[in-house]
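**Q** Okay, here's the prediction I keep looking at, along with the sequence it came from:
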Amino acid sequence: MNSMAPFTISVTRDRDHTICSLGGRMTHASYELFRPVLDMVQDGGNGPFVLDLEKLHFVDSNGLGMLLVLSETARERGRPVRLVNIPPRVERLLHQTNTHQLFVQ
């Protein structure tokens with residue numbers, strides 16, 4: 001695992017759901033790359049919004065904040081956010097901050 005890997009995003013959309021794969025380090029520097037994902041949720045769409053975190057190596061408090069904004073925005077629009085392939089380090093962060101219940105796992 002390369003904890004210094006840059007932040008990456010890959011999005012696949014179909015009529016039933018959106019899958020967003022995140023990779024690398026999610027920090028304050030990731031916001032500009034993450035903003036279009038927030039825009040996708042705000043613009044609507046159907047079905048659940050799936051975040052595949054398999055390649056996400058690190059999340060700081062700013063990255064966690066971005067995930068929480070995404071969750072809240074999606075929930076306001078009736079779209080559940082589902083987390084899949086959660087690395088142990090990220091799962092610990094979600095449980096330690098008691099934010100894991102905001103996502104469907």
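**A** Perfect, thanks for sending it.
**Q** Let me see the ranges of the helices in this protein.
**A** 31-42, 61-76, 88-96 (DSSP state H).
**Q** What is the longest strand belonging to the chain packed up against?
**A** Criterion DSSP state E: the longest strand present in the chain is strand 49-59. Here strand 49-59 touches strand 18-26, helix 61-76, strand 81-84, helix 88-96, going by 3 or more CB pairs under 8 Å, 6 or more residues apart in numbering; DSSP states H and E. From N, CA and C alone the C-beta is placed, and that goes for glycine too.
**Q** Can you give me the buried ones in that strand?
**A** In terms of neighbour count (16 or more other CB atoms under 10 Å), strand 49-59 has its buried residues at 49-53, 55-59.
**Q** Present these as TSV; the columns should include distance to L93 and pLDDT.
**A** Shown next, in TSV, are the buried residues of strand 49-59 (distance: CB to CB, whole Å; pLDDT from 0 to 100):
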residue	distance to L93	pLDDT
F49	20	90
V50	19	93
L51	14	95
D52	17	97
L53	11	97
K55	16	96
L56	10	96
H57	12	94
F58	9	95
V59	6	96
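**Q** which one of those is nearest F103?
**A** L51 (7.7 Å; CB to CB).
**Q** Give me whichever of the helices and strands packed on strand 49-59 is most buried.
**A** strand 18-26 (a mean of 21; mean count of other CB atoms under 10 Å).
**Q** Give me the mean pLDDT for that strand.
**A** The average pLDDT within strand 18-26 is 95.
**Q** picking that back up, ok, which of the helices of the chain comes nearest F103?
**A** That would be helix 61-76 among the helices of the chain, by CB to CB, at 6.0 Å.
**Q** What sits closest to the residue lying farthest from the centre of the chain if chain neighbours are left out?
**A** Centroid-distance maximum for the chain: R15 at 19.5 Å, with CA atoms, centre = their mean. Closest residue in space to R15, ignoring its immediate chain neighbours: N46 at 6.0 Å, by CB to CB, 6 or more residues apart in numbering.
**Q** Would you confirm that that neighbour contacts D16?
**A** Yes. Between N46 and D16 there is a contact at 6.5 Å, judged by CB atoms under 8 Å.
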